[in-house]
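Trainee: Curious how this folds, go ahead:
(chains A and B)
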Amino acid sequence: DAKTTQPPSMDCAEGRAANLPCNHSTISGNEYVYWYRQIHSQGPQYIIHGLKNNETNEMASLIITEDRKSSTLILPHATLRDTAVYYCIVIGSNYKLTFGKGTLLTVNP
Amino acid sequence: IAGITQAPTSQILAAGRRMTLRCTQDMRHNAMYWYRQDLGLGLRLIHYSNTAGTTGKGEVPDGYSVSRANTDDFPLTLASAVPSQTSVYFCASSGQTLSGANVLTFGAGSRLTVL
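Mentor: Numbering: from 1, shown residues only, chains lettered A, B, ... in the order given. Got it, this is the predicted structure:
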């Protein structure tokens, strides 16, 4: 599976959009981009995934560049409860699913 | 409620002792995983299993063993615990949703302290 690179931390004001970037320049054609988040010491939680089209669900939007080498997770109106570590991972047919260190998003009042 | 059950929730263990962390899922997912999480190091894959009867090594497999006798259970064993294995351990499983997504579901974690 392709490796991903994320900034270690980001801040966002409550009510504003949080835009979390992820670089996956070695992604291959059959690999999907997935985003998870981990709040405090809980188990990680699935947010959204995509292949090449932009995706939106009730939690977030995912924007994938045309060359698929990077993506951005967008939380349109961040709340204090969105403070968490956000993981971007790339998944293909390989079951050896590895996570990086993620991005610690801190939403400030 | 469908999901993953891990046990114990937390455990303090003397170095050199044997310990098995249990993981059970009721979602009939084929794939299961064990991760450890340490401060500043993120989630690291220990072992995984594509389907019952098969297992594979992850990023940090040394000192750990797993078995997958059936679809539901995926225990993680520390044959002789060492202090560096003090960590929070997460079990996960993955299966395809109706949309074709391969979504991981995680357990609540097991906090292990080796003294």
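Trainee: so how many other residues sit close to the closest residue to chain A within chain B?
Mentor: Nearest residue of chain B to chain A (C-beta to the nearest C-beta) works out as B:F106 at 3.1 Å. (C-beta placed from N, C-alpha, C; glycine too.) When neighbours are defined as other C-beta atoms under 10 Å in any protein chain shown, B:F106 has 22 of them.
Trainee: can you pull the pLDDT of it?
Mentor: As summarised for this prediction, B:F106 has a pLDDT of 94.
Trainee: Quick check: the gap between it and B:G53.
Mentor: 23 Å (C-beta to C-beta, to the nearest Å).
Trainee: for the residue nearest to B:L21 when sequence neighbours are not counted, what are its contacts?
Mentor: Leaving aside its chain neighbours, B:L21 sits nearest to B:L76 (4.5 Å; criterion: C-beta to C-beta, 6 or more residues apart in numbering or on different chains). By C-beta atoms under 8 Å, 6 or more residues apart in numbering or on different chains, the contact list for B:L76 reads B:T20, B:L21, B:C23, B:W34, B:I46, B:H47, B:Y64, B:S65, B:V66, B:Y89, B:C91.
Trainee: Now that we have those residues, which of them are buried?
Mentor: B:L21, B:C23, B:W34, B:I46, B:H47, B:Y64, B:V66, B:Y89, B:C91 (16 or more other C-beta atoms under 10 Å in any protein chain shown).
Trainee: any chance of those in TSV, plus secondary structure and pLDDT?
Mentor: Shown next, in TSV, are these (DSSP: H, G, I helix; E, B strand; the rest coil; pLDDT from 0 to 100):
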residue	secondary structure	pLDDT
B:L21	strand	98
B:C23	strand	98
B:W34	strand	97
B:I46	strand	96
B:H47	strand	96
B:Y64	coil	98
B:V66	strand	98
B:Y89	strand	97
B:C91	strand	97
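Trainee: So B:L45 sits against B:Q37, correct?
Mentor: No: taking contacts as C-beta atoms under 8 Å, B:L45 lies outside contact range of B:Q37: 10.9 Å.
Trainee: Please list all residues in contact with the residue nearest the centre of chain B.
Mentor: Here the mean C-alpha position of chain B is nearest to the C-alpha of B:W34 (C-alpha atoms, centre = their mean), at a distance of 2.7 Å. With contact set as C-beta under 8 Å, 6+ apart, B:W34 has these partners: B:21, B:23, B:45-48, B:58, B:64, B:66, B:74, B:76, B:89-92.
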